[in-house]
Structures are given as structure tokens and as C-alpha cells.
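Undergrad: Below are the sequence and a predicted model; questions follow.
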2 protein chains.
Amino acid sequence: MTSRPEFAARTAGMRPSKLRELVAAAARPSAGDVPGPTLLSLGGGLPPAEAFPARAVAEAAERALAGAAGAALQYSATEGDPELLDLVGADLAGRLRLPDPTGRLLVTTGSQQALDLIGKVLLDPGDVAVVESPAYVGALRALAGYQPRIVEAPVDDDGMDTELLAGRLRAGLRPKLCYLVPNFSNPSGRTLTARRRTRLAQLAARYGFLIVEDDPYGQLRFAGADLPPVAADAAEQVVYLGSFSKLVAPGLRVGYLAAPRWLHRALAVAKQATDLNSAALSQRLLVELLADPDWFAGHLAGLRDLYRVRAEALTGAVADRLAGRLATPMPDGGMFVWASVQTPGIDALALARAAMRRAVSVVPGNEFSLADGYPRHLRLSFSMLGPAGLVAAVDRLGDAFDDLTASG
Amino acid sequence: MTSRPEFAARTAGMRPSKLRELVAAAARPSAGDVPGPTLLSLGGGLPPAEAFPARAVAEAAERALAGAAGAALQYSATEGDPELLDLVGADLAGRLRLPDPTGRLLVTTGSQQALDLIGKVLLDPGDVAVVESPAYVGALRALAGYQPRIVEAPVDDDGMDTELLAGRLRAGLRPKLCYLVPNFSNPSGRTLTARRRTRLAQLAARYGFLIVEDDPYGQLRFAGADLPPVAADAAEQVVYLGSFSKLVAPGLRVGYLAAPRWLHRALAVAKQATDLNSAALSQRLLVELLADPDWFAGHLAGLRDLYRVRAEALTGAVADRLAGRLATPMPDGGMFVWASVQTPGIDALALARAAMRRAVSVVPGNEFSLADGYPRHLRLSFSMLGPAGLVAAVDRLGDAFDDLTASG
């Protein structure tokens, strides 16, 4: 085939995920045939099975498939099931301050598809895409397929540093888009301050770029007060991405986007070309679930408690047992802590490997940067283990530190 | 935004579907607020609600979501649920004569996503893509996004004319891929002969192009004997696409591909970048359903009967009432008849519009060709109406003919 070398080059930018391999390893109950302790996962970013409302989903399925099950089993409109669009629109009308959100909405096959569609419609090879750094690896991978020049914009305690970005823009940087997770980011755990949200929207308007506001965790806040999305009062500058993967279940594979009016139709046409529509059955299950707002509010409150307890258990155990060796700032929500290694001479990749030998998985920071900018960081997820499991995992991480200092 | 004109150009190739608009019209129970007869649809290519095994799906959902519902609600592997891959692999091992299919398989979000992934991995702007003509509009739309030069290869009674294609290849045409639906194609209803299947595989090997064999209807054969897929004995030249949309329900949004080994990994990496994985819940429902092969065989036998009776009703009614005006060759399976207008001076688009005024929808032939090559053809779908409805629809089509000849 004449085309083999060419497509090999094409997919080189979409580097397959080491993270996925760690996730796969973490999913195994023990390390293959070798007898030993069960692997404890601080690695993957998956919601735990106990966060899934399996019974409510089963009852929703029964209702959606009873009688005339046509809508649940048929193709749906490309934009999404009309009732789901209404429910999402009603939610976003308040949160995004959109007077009429429905004409801006598109149901997507997870937020990952939204990222792909945005790349497909907006990016030509060589275009500049600004991405917060450290960044969600799925965003790097989705955008990389369209061969942009990816510029990393550093995150500090207050989220993406908008003044650093402003300096780059004044110096001539002209991005087509700027990607970030404003709430409890993956992997940084950081939240963009209200002041910076306003500032970012101003920069987008002034320099003519699109903000891609990816918000899968915003409704999983367990400390502090909600902040308005960047899209609030800046709807023509922002594509806002939401997802039910962390709020209900990833297995439904349903997310959504709210786009500026000038972009919405192009995204819908691209969606039709890409997979026609997202699974109608999943959409109808969500309609059944969201039609009971009290149930949904209670479910979300339960999730927030679950993750708060786990975040406290993880950061507390690190403070107790790894003080001076690992720093783990407490996030205000979500699933992740961005830990920094304090011990001189210990590299995060070496620590991650030593941890794996002690049967605990963590993700080294360089996974979240094309520039390998985080050799001293680890992403720790507190989603998969209960408090006792988190304490045990931190103990093993302490053993991994000991292994490295003993051998070093 | 500097990017607006650019993305407008980008999506121009993905022309939105007039077909979708007709489908939307056909889905309405009556023509809006205007009192009048219910629209009868020969237009859309949707399976009818009575073809959906709603009760079996509901029972499968109950099983998949009982107890440890983790697999149904969690992320799945990018390649697909392992048990679903085993079931699909066992089916394809026989049909495609593949000794070890599992390493070639990828579950996709419908076959539409497979087409998008193939375009994404293989096509650069200006590359030649051969597409059978008339062609499935979703394939035209998926490929168009990657800006290839699309060359239409005409179909005759025996499917794509491989000798015409061979002539173009000898004359210097160098496609990267060749797309076709070998069994009861949408829209032509034609089936590629065994001789031409072998010939096409020879041409692909000789001229170094990939065959994209899209086979959503192959298991809906109601006349004649099954033919081996093009992929049989040519696995390194063919991506074979299958789908459960027509065999179980489109609402699950699950298809799959079997790729040459040299292409599989690139497609899986692109899939991961595009939507991470297809809905795990839908995949687990299919595992539950396919785990009972007797149930599935019986269900498919029922579908074949349903569509055979409808195909006979439609072609019989046309022979009875529209002889000399419309020719409708009987297909051996699937959902479509490719009808040709016999009355001199009557254009298919005018007839489709006259038919809509008589409350029956059909799709004019030019929808299925970028070159507008079918001004005298209509696609008639017999999937949506029962025999009596089909006869009534043909009566209305006769009225539409009368309207045109009276006014002309």
C-alpha cells in the first residue's frame, strides 16, 4: 500500500496513552500470575462503581423500553433527543446565563467527541491551539490529530495564568482556540478564579480566539462556592462542554456542547458526518433520570460527599505519612490531586515505577505535557478507592519513596 | 473571529442531508397543522419500530444492570467490550474466513464512525476515493470532510462495474480507497456478483488501494444464496464494516470494523482520540442478546420475512399500478428499491415534489451522487410501511404521476 508511511505519520501526533495502559493495569485485580498484593489505583480517572446509580438506570431503562420503545431504539436527531436538549438547555440557561440555549446545543458521544469536532471544524495544520498546562491528555490527543501547533499555558494555584497568556498575545501569539478545564482541572485539581474567568473572556474577544471550556467536574464541587462558567456573559466566545460521564455513568457515553451561534451549525454538520447521532437509548435513559430533579439533586449531593471524604482521606494520609516528601494541595472538587515531589533527587517517573513495584499506581506528571514540563509531579486520583484503601495506597507510596532513597 | 470563513469552507464538502429533512418530515404523524392525510414514507432508510426487539432489549438491560453493573456503566476499552469482540470475532471468523479476527476488530459508534476514522487515518486533501455510484450519502458526507477527489464508479445490475473501474485504473487512476455496499446496496438495492468480488480484490492488490466493504444489510438477505464478503481471502486489502443498527436497533449506536493488520492500530488510536470508546451499556446489551444464538437467529429470520413481504408488496404494487411509468427491480435483501422513471419528460425531483404534495415521501436519485447523475431515479424504501401502507403509497405515487402529466 502506498499509503502506509503516510498514515503512520498522521497518527504519530495522537500518541497512544501510557495512562490507558496504567488504567488497564489498575483494572486487574492482581498483577497477572505473580502472587502479591492487589494493585491499589491512584492512577486512572474513572468514577468508581459505587458512584453509579445502577438501580435508577435499570428502572429508567425499563420505562424507556416499555410500550412504544421507538425513540429509545431508533436513530435520533443529529443534534440530540429533543427532550434531553430541553432538560440540558434549562440547566444551562441558568448556569451560562443563556437566554435561549437550545439552538446552541449538540449532544456528543462524550466530551471527547466535542473536542474532536472542534478540531475538525476549526483547526488547520500549523494553527495555534493554546492548552492549559498541565493538560487533560484526551484534549491533547484529540487536537493533535489536526496537527496544530500546541502552545502550553501554565497553571498556578489560581488556574491558568491569564497574565502570562496576555503577554504572549501582546507579543504576537494568535491562537485559534484556548482549551481549559476551569473547575478542579484534570490533572491539576486547580480552579480558575472569577477574576481570571472574566479576563480570559476579554482576551478571547480582543484577540479573536475561541475558548473551549471543558467542565466535566463543575457539579462535583465539595468545597467553596460555585463560580459562573467562563461562558456566562461570553457565549459568543466560548464552546462550553458538559458530560454525564462523571455525573451519571461513563457507560452511557453522553456529553453535550453549547456553542456560539456562528459555530453551532458547522459542528452539527460535522457531527452528522462523524457518527450521525449519539446513542438514542442512552439519551432516553438520561431523559428519564433528569425528569426527576429531586432524584438528580440527591444523587449529585451523594457524589459530592463521596469525593470530599476521599479527597480528605488522601490529602490527610499524605500529610500524616509523607510530610516533607510529597505535597498534595486539597482541591475544591473533582477527582484529582496534583502532587509535587519534595525530596531532592527523586524524579516522578522513577517514583511512579517504584510505586508500581509496590502495587500502587500513580501517573507521572510528564504525561500531561507535550513539553515534558512536570518531572517532579504526579497526578493522584482519589476516585477509585475508599478511605481505608487510600491510606493503604499512601503507605505503599511511602515504601516506594524508601526504596528509592535506600537504593539512591 | 478570523476563522469563520475558513471553517465555513471546511464543512462545505459535508453537505447537510436533504434526506434527513425528508426523514424528519416522514417522522411526523401528519403534515403539521394542515389537516390532510398522514404522510406515507418511502423516503427514510430507518428500520420500523416493529423490527425492534424491545422486550428482549429490556430483559438484556435488566441482566446487564443487575448486581455488579460496573462493565455496563463504566468506560470500556477503546477497541470494544472484550466479550462483544469475541462474539463478533466468532461470527466473522466464518464469514470472512479470518483465522484470528480479534486483533483486527474495533467496535465503532455505528458504521458512520468507521467511515470517519478511515477518512481521518488515510485521506489527505486531493487523494482519490472511488465510491460506487449511486452511493450511500453518509459515506459521501464522511469522506468529504477529508477533502478527497471523489470518483464515482457506476453500478449496474451486478453491482459496481469492476471492468469500468479496471479501465480507469489502467488509464492511471490511483485511488487510496474504494467504497461500496456489496449486498443490497443503499440506494441501488444491487448485489455485487461473486465474480466481481474476486475481481475487485485483485484490482485492490494490483493497484494498492484499500476496499471499504460496508455491509449493514448482508444478514437481511431474503432471496438467493449468501455470497462470501469481498474481505474473504483478501483480509489485507479490505476494511469490513458491520453494524447492529439494522439487525437489532439503531438506538444502540454500535457497529464494528475488521481491518487489515497494518491498519488496525492506526484506526484504534484515531478512535481513542475521537470518542474514547463506544457506549459500554449498548455493548453489554448486545453481549446479553448475542449470547443466545438461537434467539438471534430467530430474530434475524423474522426480520428477513418482514422485509421480504414488504419488498414484494412494493414491487408488486408498482407492477400492478405503475407499469410503464416506474420500473422497480426486486432486490435480494435489505430495505431499498432503486426505481427508474419510464415516462418521458418526467424528472425524478419533480416527481418527488409532486409525491410530497400527495403526502408520500421518496428520495430523488441525485441525492446519491455528487455529479447529479440520476435525474430519472428514485430511492424507494420499503422498510417503514406494512403491505397495505405500501400499496396506498404507490397509489399516491400514481396520483403524483397524474398531476405531472396533467399539468405538463
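TA: In hand now; what should we look at?

Undergrad: When you work out contacts or count neighbours from here on, use the C-alpha atoms and nothing else.
TA: OK.

Undergrad: Quick one: residues contacting the residue lying closest to A:V57 once chain neighbours are set aside.
TA: Distances taken as C-alpha to C-alpha, 6 or more residues apart in numbering or on different chains put A:L285 closest to A:V57, at 6.8 Å, once the chain neighbours are dropped. By C-alpha atoms under 8 Å, 6 or more residues apart in numbering or on different chains, the residues touching A:L285 are A:V57, A:A60, A:A61, A:A64.

Undergrad: How about the contacts made by the third one?
TA: Under the criterion of C-alpha under 8 Å, 6+ apart, the neighbours of A:A61 are A:L285, B:A58, B:A61, B:E62.

Undergrad: Restricted to helices, list those.
TA: The helices, defined by DSSP state H, take in A:L285, B:A58, B:A61, B:E62 from those.

Undergrad: Pipe those residues into CSV and attach distance to B:A350 per row.
TA: Shown next, in CSV, are those (distance: C-alpha to C-alpha, whole Å):
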residue, distance to B:A350
A:L285, 42
B:A58, 44
B:A61, 46
B:E62, 50
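
Undergrad: Which two of these have the greatest separation?
TA: Using C-alpha to C-alpha, these reach their maximum pairwise distance at A:L285 and B:E62, which is 13.2 Å.

Undergrad: which other residues reach stretch A:197-213?
TA: If you take C-alpha under 8 Å, 6+ apart as the criterion, stretch A:197-213 is touched by A:162, A:166, A:169, A:174-182, A:229-231, A:234, A:237-241, B:1-2.

Undergrad: for it, what is the average pLDDT?
TA: The pLDDT scores in stretch A:197-213 average 98.

Undergrad: Kindly tell me how buried the residue of the stretch 201-350 of chain A found nearest chain B is, as a neighbour count.
TA: Taking C-alpha to the nearest C-alpha, chain B has its nearest neighbour within the stretch 201-350 of chain A at A:G251, 3.8 Å off. A:G251 is flanked by 26 other residues according to other C-alpha atoms under 10 Å in any protein chain shown.

Undergrad: ok, now which ones touch it?
TA: Counting by C-alpha under 8 Å, 6+ apart, the residues that A:G251 touches are A:S245, B:A71, B:A72, B:L73, B:Q74, B:Y75, B:S76, B:A279, B:A280, B:L281.

Undergrad: Over to A:S381?
TA: A:S41, A:L42, A:G43, A:G44, A:G45, A:M335, A:F336, A:V337, A:V362.

Undergrad: Equivalent analysis for A:E288, please.
TA: Taking C-alpha under 8 Å, 6+ apart as the test, what A:E288 contacts is A:A60, A:R63, A:A64.

Undergrad: re earlier: closest to chain B out of the contacts of A:L285?
TA: Looking across the contacts of A:L285 and measuring by C-alpha to the nearest C-alpha, the closest to chain B is A:A61, at 6.8 Å.

Undergrad: bridging residues for A:A129?
TA: Following DSSP bridges, A:A129 is listed with bridge partners A:I150, A:L177.

Undergrad: give the contact list for it.
TA: A:A129 makes contacts with A:P148, A:R149, A:I150, A:V151, A:P175, A:K176, A:L177, A:C178, A:Y179, as judged by C-alpha under 8 Å, 6+ apart.

Undergrad: Among these, the buried ones, what's the PyMOL command?
TA: For the buried members of the contacts of A:A129, the matching PyMOL selection, counting by 16 or more other C-alpha atoms under 10 Å in any protein chain shown, is:
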select buried, chain A and resi 148+149+150+151+175+176+177+178+179
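
Undergrad: Show me which pair in the contacts of A:G251 is furthest apart.
TA: Every pair of the contacts of A:G251 checked by C-alpha to C-alpha; the farthest is A:S245 and B:A71, at 13.7 Å.

Undergrad: These two: which has the busier surroundings?
TA: Between A:S245 and B:A71, A:S245 has the larger neighbour count (other C-alpha under 10 Å), namely 23 against 17.

Undergrad: quick one, phi/psi of that one?
TA: phi -60, psi -40 (degrees, to the nearest 10).

Undergrad: and if you look at the one 4 residues further on?
TA: With angles defined as degrees, to the nearest 10, A:A249 sits at phi -170, psi 140.

Undergrad: Correct me if wrong: it contacts B:A72.
TA: No. Between A:A249 and B:A72 there is no contact, the gap being 9.0 Å when judged by C-alpha atoms under 8 Å.

Undergrad: what residues are shared contacts of the two?
TA: Residues touching both A:A249 and B:A72 by C-alpha under 8 Å, 6+ apart: none at all.

Undergrad: May I have the secondary structure class of the residue of the stretch 301-408 of chain A found nearest chain B?
TA: Closest to chain B within the stretch 301-408 of chain A is A:M384: 12.0 Å, counting by C-alpha to the nearest C-alpha. Classification of A:M384 by DSSP: H, G, I helix; E, B strand; the rest coil places it in coil.

Undergrad: nearest spatial neighbour of it, skipping sequence neighbours?
TA: Once flanking residues are discounted, A:M384 sits nearest to A:P48: 5.0 Å by C-alpha to C-alpha, 6+ apart.

Undergrad: Number of residues surrounding A:P344?
TA: Residues lying near A:P344 (other C-alpha under 10 Å) number 9.
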